[in-house]
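Q: Predicted model follows, preceded by the sequence.
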Amino acid sequence: MTDDHKSCYPFAAVVGQEDLKLCLILCAIDPTIGGLLIRGDKGTAKSTAARGLTRLLPPIEVRYNAESGALDPYNRGGEGEVQKRPTPFVDLPIGATEDRVLGSLDFAATLQQGGRPVFAPGLLAAANRGILYIDEVNLLPPHLVDILLDAAAMGVNTVQREGVVETHPAKFMLIGTMNPEEGDLRPQLLDRFGLMVDVAAPRDSAVRSAVVRQRIAFELDASSFRAQWEADESQLTQKIQAAKDRLKQVTLPDELLSLISRICIEFKIDSLRADIALYKAAIALAAWQGRLIVEVEDIKKAHKWVLAHRRRRQPFESSSPDEPDPNQLMEKLLNDLPQDHKEDKDLDDHQGQSGSTPSTDDHDPSPTQGKNDDEDDEKNMETFTASKPEQIKRLRLDKKQGGQPGAGRRNPLINTPQRGHYARAAETDKPIDLALDATLRASAANGLHPDSGQPIIRPNNWRRKVRHCTIETLILFVVDASGSMSARRRMESVKGAVLALLTDAYQHRERVGVIAFRGPKAEVLLEPTRSVELAEKHLQRLPTGGRTPLAHALSLTQDTIYRLRRDEPEQAILLIVLSDGKANVPLPDSPQGGEPWEQTELVAGQLAALAIPTLMLDTETVHVRIGRGQELAELLNADYLRLDDLSKDGLIHTIREVVGKAGK
């Protein structure tokens, strides 16, 4: 066992998180399930449990080649002594280069071989027959996601670069962790995970105390702590191995295979990988429990881990009121089984279903929220559901001042030397921002200079760095939730428009933030996040009512931008304001008699001076328009659209960069 394996926190000592531990065990029993995605907040034992699993896995056999003096990590046969090594556990860093992941030319070995290309295996080779672990997998750059998709689909890795042509096995168990607040995974990669489990910090004080007690004991004396759990670890190892040995003997009746297919159809799962993963998970669960025949309860237990991450095909789809309740749907399918299988099912976990919790989309009959004696008009708050999002104009940022392209996927950075992290190398005819490692590897075939002993580097060996820029656009929504939005149920259209814009942000993998204003003041409803689903939840629950503190909303927006720019000076920001512009509340703590619109004009001018690209969506819909929304757009130096004009199929609206008024 390697030092890394020996230093792991014992798997058996992990307190709670029973679903997480069971899913990891199922993947260990049958690695072909497809791996596991662990989703949850920070500090919930995601990494600890995944690393601890390696201590329970049986060693792999590796052949030692005496001629080369090295181990063959691929175990492709041939002569040589067979040695046993611990199951590989390989971390894939988010900032890794393609060469590091795929493998590339071994510079030193190539020189020793007189210029004959020698392959240096990458992380995919190291993870073969083991675990490839990715922390914060949802933050993985697109170029590495593409590599993983290819390797996971084929089970082999093919490298063709710098004179190297190498194909080797790349079969690994993929384990990823993610915090949903940091954004979502690409659907193609999400579907590659056989199982997905949600984890959360325990809410029981006794369990939390036990977690702290165990962790402190481990930190004080890790060796003694691991020795204390050695017997439990050994017992788990033996049970996993027994389940692996039993796996091929486990059978699944045809009636239950038909049930699996019906479950996937009823849950509207497109990918057939779900059927296969559910089949394998049920088999592994039966093997783990010492049975040779799969029961209904195995499928019933495994389906939530197999289907949860595959059900939503589009963002916000799960919030539809027409979506069937998963438990009720599962119960219906189980009731349709033949009588002999009905006897196996346990209905205890369905108690209390008749009293299901109402959706957050439902109309809230209790209107009062944060009653203020000075704001009598806030007494009649209403919570409107969002109208169905329509297809909207695609938004595109204009070029920045000085001719530099806008940042983020909405207007990606192209050929920007010295910006972003080094992702891969490409041939070049100019020695600018050279990738030294790739350049040296390309020149290895030239050998060394006979006099100086230095590498011979020719212009055709030059390789430039191709960089991946992670700066995305932050879309900051400023949403009017005052009482005027209740008229003609305008808030339904406003929320529907924001949902459509959030869907657009999801597709561009951008961060979003929400500032809402109603009653006496504005508030930051949601700090910038990559989770558009979190933004949607806050928006759906946002009540409507009260007066319109527009000046304070713009002031709070200005303060928020200052704060964001202080922490991230290069952050690209797109401001989207949804309001009718009818300000009627002065700034907080302003002198008596402060005129709301005059204050709005002043603050709007200050905000415009920041030169933030801004889109003003005028929510006024009455036939006789006052026109405050258009005036506000001029004050903000913003692009102006009426809310109804946002829904124009197939068109692109380019939001220009503005020069602040202070610079005029």
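A: Now that the structure is in, tell me what you want to look at.

Q: Could you list the domains of the protein?
A: Annotated domains of the chain cover 3-202+214-220, 245-312+323-338, 384-399+471-663, 421-468 [automatic domain parsing].

Q: Of those domains, which is nearest Ala227?
A: Proximity to Ala227 (Cβ to Cβ) singles out domain 3-202+214-220 among the domains of the chain, at 9.7 Å. All C-beta atoms are positioned from the backbone trio N, CA, C, and that covers glycine.

Q: quick one: which of the domains of the chain is nearest Arg226?
A: Of the domains of the chain, nearest to Arg226 by Cβ to Cβ is domain 3-202+214-220, at 5.7 Å.

Q: Now do the strands in the stretch 551-664 of the chain.
A: Remark: strands assigned in the stretch 551-664 of the chain by DSSP state E, counting those that start in this stretch are 572-579, 614-618, 639-642, 652-655.

Q: Dump the ones you listed to TSV, plus mean neighbour count and distance to Glu295.
A: Listed next are those as TSV, based on neighbours: other Cβ atoms under 10 Å; distance: least, Cβ to Cβ, whole Å:
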stretch	mean neighbour count	distance to Glu295
strand 572-579	24	53
strand 614-618	25	55
strand 639-642	18	58
strand 652-655	15	55
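
Q: so can I have a markdown table of the ones you listed showing distance to Ser484?
A: What follows is those, written out as a markdown table (distance: least, Cβ to Cβ, whole Å):
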| stretch | distance to Ser484 |
| --- | --- |
| strand 572-579 | 9 |
| strand 614-618 | 12 |
| strand 639-642 | 15 |
| strand 652-655 | 25 |
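
Q: I'd like these laid out as a markdown table, including distance to Asp146 and mean pLDDT.
A: Shown next, in a markdown table, are the strands of the stretch 551-664 of the chain (distance: least, Cβ to Cβ, whole Å; pLDDT from 0 to 100):
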| stretch | distance to Asp146 | mean pLDDT |
| --- | --- | --- |
| strand 572-579 | 24 | 91 |
| strand 614-618 | 32 | 92 |
| strand 639-642 | 35 | 90 |
| strand 652-655 | 26 | 72 |
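
Q: Might you list the low-confidence residue ranges for the stretch 1-150 of the chain?
A: For the stretch 1-150 of the chain, applying pLDDT under 70 flags the ranges 1-6, 63-81.

Q: and with 50 instead?
A: The stretch 1-150 of the chain contains residues with pLDDT under 50 at 1-3, 69.

Q: Helices of that one, start to end?
A: Using DSSP state H, counting those that start in this stretch, the helices of the stretch 1-150 of the chain run over 3-6, 18-29, 46-53, 98-102, 107-112, 123-126, 142-154.

Q: With distance to Ser579 and mean neighbour count as added columns, please give those in TSV.
A: TSV is the format used below for the helices of the stretch 1-150 of the chain (distance: least, Cβ to Cβ, whole Å; neighbours: other Cβ atoms under 10 Å):
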stretch	distance to Ser579	mean neighbour count
helix 3-6	56	12
helix 18-29	45	22
helix 46-53	41	22
helix 98-102	46	22
helix 107-112	61	16
helix 123-126	50	22
helix 142-154	36	17
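
Q: those strands in the stretch 101-250 of the chain, which residues are they?
A: Using DSSP E, counting those that start in this stretch, strands in the stretch 101-250 of the chain cover 103-105, 119-121, 131-134, 156-161, 164-169, 173-178, 195-199.

Q: could I get these as JSON lines with mean neighbour count and distance to Leu587?
A: Listed next are those as JSON lines, based on neighbours: other Cβ under 10 Å; distance: least, Cβ to Cβ, whole Å:
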{"stretch": "strand 103-105", "mean neighbour count": "24", "distance to Leu587": "60"}
{"stretch": "strand 119-121", "mean neighbour count": "19", "distance to Leu587": "63"}
{"stretch": "strand 131-134", "mean neighbour count": "24", "distance to Leu587": "48"}
{"stretch": "strand 156-161", "mean neighbour count": "17", "distance to Leu587": "61"}
{"stretch": "strand 164-169", "mean neighbour count": "16", "distance to Leu587": "66"}
{"stretch": "strand 173-178", "mean neighbour count": "25", "distance to Leu587": "41"}
{"stretch": "strand 195-199", "mean neighbour count": "21", "distance to Leu587": "43"}
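
Q: Nearest to Leu575, out of these?
A: Nearest of the strands of the stretch 101-250 of the chain (Cβ to Cβ): strand 173-178, 28.5 Å.

Q: The closest one packs against which elements?
A: helix 18-29, strand 36-40, helix 46-53, strand 131-134 (3 or more Cβ pairs under 8 Å, 6 or more residues apart in numbering; DSSP states H and E).

Q: what's in contact with it?
A: Strand 173-178 is contacted from outside by 24, 27-28, 31, 34-40, 46-47, 50, 130-139, 148, 152, 185, 192-193, using Cβ atoms under 8 Å, 6 or more residues apart in numbering.

Q: any idea how far Arg458 is from the residue of the chain positioned farthest from its centre?
A: Distance from the C-alpha centroid of the chain peaks at Asp451, with 53.9 Å (Cα atoms, centre = their mean). According to Cβ to Cβ, to the nearest Å, Asp451 and Arg458 sit 17 Å apart.

Q: same check, this time on Thr87
A: The gap separating Thr87 from Arg458 is 44 Å, by Cβ to Cβ.

Q: returning to that earlier point: so which of the strands of the stretch 551-664 of the chain is nearest Pro117?
A: strand 572-579 (42.3 Å).

Q: what's that closest one in contact with?
A: For strand 572-579, using Cβ under 8 Å, 6+ apart, the contacting residues are 395, 397, 406-408, 410, 471-480, 494, 497-498, 501, 548, 550, 553, 557, 561, 564, 612-619, 629, 632, 636, 638, 643, 655.

Q: Could you give the separation of that strand from the chain centroid?
A: In terms of Cα atoms, centre = their mean, to the nearest Å, the gap separating the centre of strand 572-579 from the centre of its chain is 24 Å.

Q: Within the sheet, what are the partner strands of it, with directions?
A: strand 473-480 (parallel), strand 614-618 (parallel) (DSSP bridges).

Q: so how many other residues sit close to the closest residue to Leu474 other than its chain neighbours?
A: Nearest in space to Leu474, with sequence neighbours left out and distances taken as Cβ to Cβ, 6 or more residues apart in numbering, is Arg511 at 4.6 Å. Arg511 has 23 neighbours, counted by other Cβ atoms under 10 Å.

Q: and if you look at Glu601?
A: 16.

Q: Does it touch Leu636 like I think?
A: No. The criterion here is Cβ atoms under 8 Å, and Glu601 misses it with Leu636 at 10.4 Å.

Q: tell me the SS of Ala522?
A: Following DSSP: H, G, I helix; E, B strand; the rest coil, we place Ala522 in the strand state.

Q: for it, what are its contacts?
A: 478, 515-516, 549, 552-553, 555-557.

Q: returning to that earlier point: now render the strands paired with strand 572-579 as JSON lines, adding distance to Arg226.
A: Output for those, formatted as JSON lines (distance: least, Cβ to Cβ, whole Å):
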{"stretch": "strand 473-480", "distance to Arg226": "45"}
{"stretch": "strand 614-618", "distance to Arg226": "58"}
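
Q: how far away is the residue nearest to Trp597 when sequence neighbours are not counted from Leu635?
A: By the measure of Cβ to Cβ, 6+ apart, the closest residue to Trp597 outside its immediate chain neighbours is Ala583, 5.2 Å from it. Distance, Ala583 to Leu635, using Cβ to Cβ: 11 Å.

Q: which residues are in contact with both of these two?
A: Contact criterion Cβ under 8 Å, 6+ apart; residues shared by Ala583 and Leu635: Thr600.

Q: ok, now how distant is the residue nearest to Leu474 from Glu331?
A: 39 Å.

Q: Val212 too?
A: With Cβ to Cβ as the criterion, Val212 and Glu331 are 39 Å apart.
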